[in-house]
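**Q** Okay, sequence plus prediction incoming.
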Amino acid sequence: MASWISMNEACALLGVRAQTVYAYVSRGKIEVMADPADTRKSLYRADDVAGLAKRKEAGRKHETLAANTLFGAEPSIPTGLTAFVRGRPYYRGQDVIALARTATLEEAARLLWGAEQAVDFSCCAPPAHGHAAPPGRVAAFTALAALSATGHSTRGRRTRVLHIEGQSLVGQLADAFGAVPGSLPLHQRFAKGWKQSAKVADLLRTAMVLLVDHELTSSAFVARITASTGASLPACLLAGLTTLSGPLHGDASGRVQALFSEVERVGADQVLEHHLSTGLPLAGFGHHIYPDGDPRAAALLALTEPPEVIARFIEKATELTGLQPNIDVALAALMARHRLPHDAAFSLFATARSIGLLAHSLEQLEVSQVIRPRGRYVGVAAELG
């Protein structure tokens, strides 16, 4: 390459217009000299232009990697909490499906948190004074918001102390969602609050252990971002749970419940005909992490015995679409089978996942670095003076 090149050559190498080349010159990034053959024109140092072109290409590759990382091509944050191995989830190396057969939520929390002592969710701070909302989302989010407003930073505090605070947060959250306060395991407290039998209580235990964590979900990522700033544990939990509440995430079972209500009202055949003839997706079927089927759903459905009309719908939908039911279908089937409160699915999901969100927050504290992705500006070009 020649030592000096023309404006047209510089523009071609950089893939930009002349105005951008002038901007590079003004910022000292490209050296310029008068063209000896035509003093009305300028020449540009070829090495400077080549260096800029190389950095731009590297930047484009970095932007592509960053975009892919954020939108699901590769995990971007190291974690020792949950992994997927041969189509099954594992908490710290333990098969989640096997764990859910016998473990309590308290035992799952101790495992994910790496706690030295047994976890006890009955260790709750006294409830705030004043008018309390009925059990449900309003009560839960209101309580967390109040705790977030007055909570202490996680910075400079021992892990053991944070575990104790985490226990209290999960316990208070469960109470706000309708669990009966007391020293019983959390699944039994929910069953008592909803006036269910010991058999149903065990189903609630299984469901919640299956839901405790699911690697780097949107809500886990948000909780980690919040933790990276040194915010309080209730703030980390609130940030994660508000993200979880979206219908494309933790509240997806609500969409399935609406589908099941329609099935019970007009019949499985009519609902399937409507969805399949119009190309509408069936909520709760298929999962990008489990192309061969969600093992959590299979485990819970095997214990649930859904109402006959719903069981037939699940079977026929699977046959016609080739998609297996995911955990949202299993959770909604559990709600339908035992006629649990309308928002019980989200209550169970949010309470169980609060353990995972706190585990991600605690793990992020070990990094001591704020998570700060860079933006890739695609708006109106800046006017350079």
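**A** Done, it's in.
**Q** Tell me how many other residues crowd Y44.
**A** Applying other C-beta atoms under 10 Å, we find 23 residues neighbouring Y44. Where you see a C-beta, it was placed from the backbone N, CA and C, and this is true even at glycine.
**Q** ok, now R337?
**A** By other C-beta under 10 Å, neighbour count at R337 equals 16.
**Q** What is the subsequent helix or strand relative to the helix or strand hosting it?
**A** Of the helices and strands defined by DSSP states H and E, R337 is found in helix 327-338. Using DSSP H and E, the helix or strand that follows helix 327-338 in sequence is helix 344-365.
**Q** tell me the angle that next one makes with helix 327-338.
**A** Between the axes of helix 344-365 and helix 327-338, defined by axes from the mean of the first three to the mean of the last three C-alpha atoms, to 10 degrees, the angle is 140 degrees.
**Q** was I right about S354 contacting C236?
**A** No: using C-beta atoms under 8 Å, S354 is not in contact with C236, being 10.1 Å away.
**Q** Quick check: phi and psi at A83.
**A** The phi/psi pair for A83 (degrees, to the nearest 10) reads phi -140, psi 160.
**Q** tally of neighbours for the closest residue to it other than its chain neighbours?
**A** Of all residues not flanking A83 in the chain, Y90 sits nearest, at 5.1 Å (C-beta to C-beta, 6 or more residues apart in numbering). Counted with other C-beta under 10 Å, the neighbours of Y90 add up to 18.
**Q** hmm, back to that, so if I had to pick from S354 and C236, which one is more boxed in?
**A** For the pair S354 and C236, the greater number of neighbours falls to C236 (30 against 27), based on other C-beta under 10 Å.
**Q** And that one, how far from G230?
**A** Here C236 is placed at a distance of 10 Å from G230 (C-beta to C-beta, to the nearest Å).
**Q** Identify the contacts common to these two.
**A** Contact with both C236 and G230 is made by residues T154, according to C-beta atoms under 8 Å, 6 or more residues apart in numbering.
**Q** centre of the chain versus the helix holding R337, how much separation?
**A** Centroid separation for helix 327-338 versus its chain: 21 Å, with C-alpha atoms, centre = their mean, to the nearest Å.
**Q** list the helices and strands that helix packs on?
**A** If contacts are counted by 3 or more C-beta pairs under 8 Å, 6 or more residues apart in numbering; DSSP states H and E, helix 327-338 sits against helix 198-211, helix 252-266, helix 295-304, helix 308-321, helix 344-365.
**Q** Export only the CA atoms of the first one, formatted as CSV.
**A** To tie it back to what came earlier, the one meant is helix 198-211. This file holds the C-alpha atoms of helix 198-211, laid out as CSV (Å, rounded to 0.1, in the frame of the first residue of the first chain):
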residue,chain,number,x,y,z
ALA,A,198,-50.7,-33.1,53.0
LYS,A,199,-50.7,-34.8,49.6
VAL,A,200,-51.2,-31.4,47.8
ALA,A,201,-48.5,-29.9,50.1
ASP,A,202,-46.0,-32.5,48.8
LEU,A,203,-46.9,-31.5,45.2
LEU,A,204,-46.3,-27.9,46.1
ARG,A,205,-42.9,-28.9,47.5
THR,A,206,-42.0,-30.7,44.3
ALA,A,207,-43.1,-27.8,42.1
MET,A,208,-41.2,-25.2,44.0
VAL,A,209,-38.0,-27.1,44.2
LEU,A,210,-38.2,-27.5,40.4
LEU,A,211,-38.7,-23.8,40.0
